[in-house]
Each structure stands twice: as C-alpha cells, then as structure tokens.
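> when you get a sec, could you give me coordinates for this:
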Amino acid sequence: MTVDAHHHVWEPSVRSQDWITGPRLQSLRREFTMDDLLPEARAAGGCRTVLVQTVTISEETPELLALAAAHDLIAGVAGCWTDLTRPGLADELARLREQPGGQFLKGVRHQVQGEPDPAWLLRTDVQRSLAAVADAGLVYDLAVQPHQLPACIRAAASLPRLTFVLDHAGKPPVASGRLESWARDVRALAALPNTVCEPPASGLVTEAAPAIWSVDDLRPYTDVVLDAFGPGRLMFGSDWPVCTLAASYGDVLAAARALTAGPDATGRGEVFGATATRVYGL
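Got it, this is the predicted structure:
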C-alpha cells in the first residue's frame, strides 16, 4: 500500500489560511477536507497518509490530531507547528501527546521558508528546541527555500540524533532550469545519514512553469535526489491540495512512478511506503 507522506487539509471557516494570497492561489481559497481526499486516495489504489501543518498557529495541531483519530486513512501527523524560539518545548510536546489523537504526532515543522534570516535554524533558541524534538523521538520537517539549504546542512550536522526531512526537495528552481547550486547543497545535506528527502514529484510540479510542466522537466531534479539519498531515504508525498495548482493527485502519483522507474521493486517499495513508515514510525 502506498504511503502519501505529505498532504494538507483546511477549512477557512475554521482556521484562516493567511498564506493563500494573490491570483495564482485563487483555486485554493476554499475548503479541502478528508472527504475530498478520500476518493483521490481510493482512485490511487488505496494509501495511508501523513497530514502536515499549514499555518503557524499552535491551535491547529489538536485539530489535526483529532482528524487523525477520526480517519483511518491518516497514519500520522507530521509538521505540527510550535514556537521553536520559546523555552519549554519538551513540556509542550508532552501536552500534545496527551491530547485526543496524540499518538499520531510524528513530527514538528516551522515555515522556515518565510524567515528573512537564512540562518534561522542555527539560532541558539531554535537549536535548543530542535534538541527537544530529538529527545521526544519526533522528526523535524524542513520547509525551506534553496538559499536556506546551507543552514539546513549545519543544523543536521549539529544534531545527528534528530532526523530531518527535506520537504519538496528544498523547492528547486524547476521553472528556470537552474540546477548547480541547489544540487550541490542537496548532495551535501544527503551526505548526512540523519536526513531524508521528500520527492519524487512532491512540490516540484508547483515549482515548474505553471500548467506546462512535464515529467522530463522534473527528471533532472529527481535524478539528483535519487542519486544523493537513494530510495531508502526518499519518500513520496503528493502535496495535495497545493499540487492542484499544477496537477491532479493522480497526475502527481503517475509522475512520481515514472520518475522512479529506475530503482528495482524493493527500491520503489521504499519510496512509496517503507521509508515513510520507518521515518515517521507509522
């Protein structure tokens, strides 16, 4: 069974999604619920999923954990948001685990991509909190831009007992076709054994030229991460419903399968299920 290691849900009437701005994101300005995702998952042949945060508001996490408790499709919640600059994270994580559905908590995420300081991950207070994430046996998801990858490398090197998951391959500049500096930094990150990457296809379709992407546009970037991380440290994520800006759920899954046609059956099994199951403890 496929594991989709990265998707979202939101209801604007319940929780404001203040990041959905501008005409390009117009189609996302509506609710996307588990009822919307279920038929997509069934059409894909059945899967388990990992639900990921969307806003930097701590109140969202109990809502996501309750959803996981209510839906068999959700195997874990990764990327819950909590303020990494404040002390007392260990107590906060313990409190979350006592919430209904707390057993589904698998990781923490902050939208580092929106931080003006490219070295935000290296702040003393953030490093203290990342150590607490490691102590709790959780994973840290990296939501970053390419220029922030050097800080990711240093952060992962400084905390070898914490597993870092690079969301969307660090958002490479697919639309421009540039590759060199991103590939260099991704390879340096992958050289650290406590790192995992989350293509193929996840997030890449929305970094490509809108509405005209092809599998061949994504292949140079997927080839880099396949070579750097290997199938055992790669996992499929749809990034639904954000992916619908450029592709349907089925299109993203088909692209991911085409881009991983090289590895043998065992390797593909790792990308489409075993890696996420192991990394997130599903």
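> where does this structure dip in pLDDT?
In the predicted model, the chain carries pLDDT under 70 at residues 210-211.
> what ranges do the strands span in it?
2-7, 47-52, 74-78, 107-110, 139-142, 164-167, 195-198 (DSSP state E).
> could you list the residues in contact with the third one?
This points to strand 74-78. Contact with strand 74-78 is made by 3, 5-6, 34, 48-52, 61, 64-65, 67-68, 101, 104-107, 109, 139, 141, 165, 277, 280-282, as judged by C-beta atoms under 8 Å, 6 or more residues apart in numbering. All C-beta atoms are positioned from the backbone trio N, CA, C, and that covers glycine.
> could you give the angle of that strand to strand 2-7?
30 degrees (axes from the mean of the first three to the mean of the last three C-alpha atoms, to 10 degrees).
> how far is strand 74-78 from where the chain is centred?
12 Å (C-alpha atoms, centre = their mean, to the nearest Å).
> if we can go back for a sec, select only the buried ones of the contacts of strand 74-78 in PyMOL?
In PyMOL, this line selects whichever of the contacts of strand 74-78 come out buried by 16 or more other C-beta atoms under 10 Å:
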select buried, resi 3+5+6+34+48+49+50+51+52+61+64+65+67+68+101+104+105+106+107+109+139+141+165+277+280+282
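> one step back: dump the strands of the chain to CSV, plus distance to Ser176.
Below are the strands of the chain laid out as CSV (distance: least, C-beta to C-beta, whole Å):
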stretch, distance to Ser176
strand 2-7, 24
strand 47-52, 26
strand 74-78, 29
strand 107-110, 26
strand 139-142, 22
strand 164-167, 20
strand 195-198, 21
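> quick one: closest of those to Asp185.
strand 164-167 (10.2 Å; C-beta to C-beta).
> can you pull out the helices in this structure?
Listed in chain order, the helices of the chain (DSSP state H) span 34-43, 60-70, 89-97, 124-135, 149-158, 180-190, 204-207, 215-229, 249-259, 265-269, 275-280.
> export the first one as CSV, just CAs?
Spelled out, it's helix 34-43. Extracted C-alpha coordinates of helix 34-43, given in CSV (Å, rounded to 0.1, in the frame of the first residue of the first chain):
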residue,chain,number,x,y,z
MET,A,34,-10.7,14.5,4.2
ASP,A,35,-13.9,13.9,2.3
ASP,A,36,-12.3,15.5,-0.7
LEU,A,37,-9.1,13.4,-0.4
LEU,A,38,-10.7,10.0,0.2
PRO,A,39,-11.9,9.5,-3.4
GLU,A,40,-8.4,10.6,-4.7
ALA,A,41,-6.8,8.0,-2.4
ARG,A,42,-9.1,5.3,-3.5
ALA,A,43,-8.5,6.1,-7.2
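> other residues contacting it?
4, 7, 9, 47, 49, 67, 71, 73-74, 240-241, 248-250.
> the last one too?
Taking C-beta under 8 Å, 6+ apart as the criterion, the residues outside helix 275-280 that touch it are 3, 5, 50, 75-76, 78, 106-107, 139, 163, 165, 196, 231-236, 282.
> Pro241: how many residues sit nearby?
21 (other C-beta atoms under 10 Å).
> touching, it and Glu31? I think so.
No: if you go by C-beta atoms under 8 Å, Pro241 and Glu31 don't touch, sitting 9.8 Å apart.
> looking at the helices of the chain, which is buried most?
helix 204-207 (a mean of 24; mean count of other C-beta atoms under 10 Å).
> who are the packing partners of that one?
helix 215-229, helix 249-259 (3 or more C-beta pairs under 8 Å, 6 or more residues apart in numbering; DSSP states H and E).
> can you redo those helices as a markdown table with distance to Val205?
Output for the helices and strands packed on helix 204-207, formatted as a markdown table (distance: least, C-beta to C-beta, whole Å):
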| stretch | distance to Val205 |
| --- | --- |
| helix 215-229 | 7 |
| helix 249-259 | 6 |
